[in-house]
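In: I'll drop the sequence and a predicted model, then ask my questions.
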Amino acid sequence: MFLTLKIVGMTAISLAGVSLAASELNLPPYVQYGALGLAAFMVYKQFQYQEKITDQHRQERGEIVNALKTEIDKRENVVEKNTAAFDRLIDALIKKPCLKDEQLKQ
């Protein structure tokens with residue numbers, strides 16, 4: 001948004017400057033209109049550049065989000081495996097609280 005406002009502000013200043021410079025030099029009207037047309041074309045190119053940059057940023061953000069989702073999924077998988085392993089260990093300890101005593105009895 002700030003970039004858009006900056007471009008619009010630069011546009012107004014550049015158009016005013018071109019118009020003033022062309023009128024001060026008493027150039028023929030076709031040269032004045034050509035200068036304004038050139039300034040308008042430059043503004044058009046600036047907006048195209050802004051759109052390109054915005055699309056690149058969106059794509060980069062999308063890639064970052066996808067990478068983070070993948071990492072979160074991996075970590076959730078590890079947590080689930082660890083939880084299952086600890087649950088099995090707890091069940092084994094509940095069923096046989098002291099394996100050492102059983103070995104002594106045999």
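Out: Cool, got the structure.
In: hmm, which helix or strand of the chain has the shakiest average pLDDT?
Out: When the helices and strands of the chain are scored by mean pLDDT, DSSP states H and E, helix 99-105 comes last with a mean of 58.
In: mind checking the SS state of Asn26?
Out: Of the three states, Asn26 takes coil under DSSP: H, G, I helix; E, B strand; the rest coil.
In: Now do it against Gln32, distance only.
Out: 10 Å (CB to CB, to the nearest Å). Just so you know, the C-beta spots here come from the backbone N, C-alpha and C atoms, and that holds for glycine as well.
In: and the two? which has more neighbours close in?
Out: Using other CB atoms under 10 Å, the more surrounded residue of Asn26 and Gln32 is Gln32, with 17 against 7.
In: Please, which helix or strand holds that one?
Out: For Gln32, the element it lies in under DSSP states H and E is helix 29-95.
In: That helix packs against which elements?
Out: Secondary-structure packing of helix 29-95 (3 or more CB pairs under 8 Å, 6 or more residues apart in numbering; DSSP states H and E): helix 2-24.
In: Buried ones in stretch 44-56, by neighbour count?
Out: Neighbour counts using 16 or more other CB atoms under 10 Å place Gln46 of stretch 44-56 among the buried residues.
In: tell me, how many neighbours does Ala35 end up with?
Out: 19.
In: any idea how far it lies from Tyr44?
Out: Separation of Ala35 from Tyr44 (CB to CB): 15 Å.
In: go on, Asp91?
Out: Taking CB to CB, one finds Asp91 at 70 Å from Tyr44.
In: do the same with Arg61
Out: Arg61 is 26 Å from Tyr44, where distance means CB to CB.
In: so where's the protein uncertain?
Out: Along the chain, the model assigns pLDDT under 70 to residues 1-25, 97-106.
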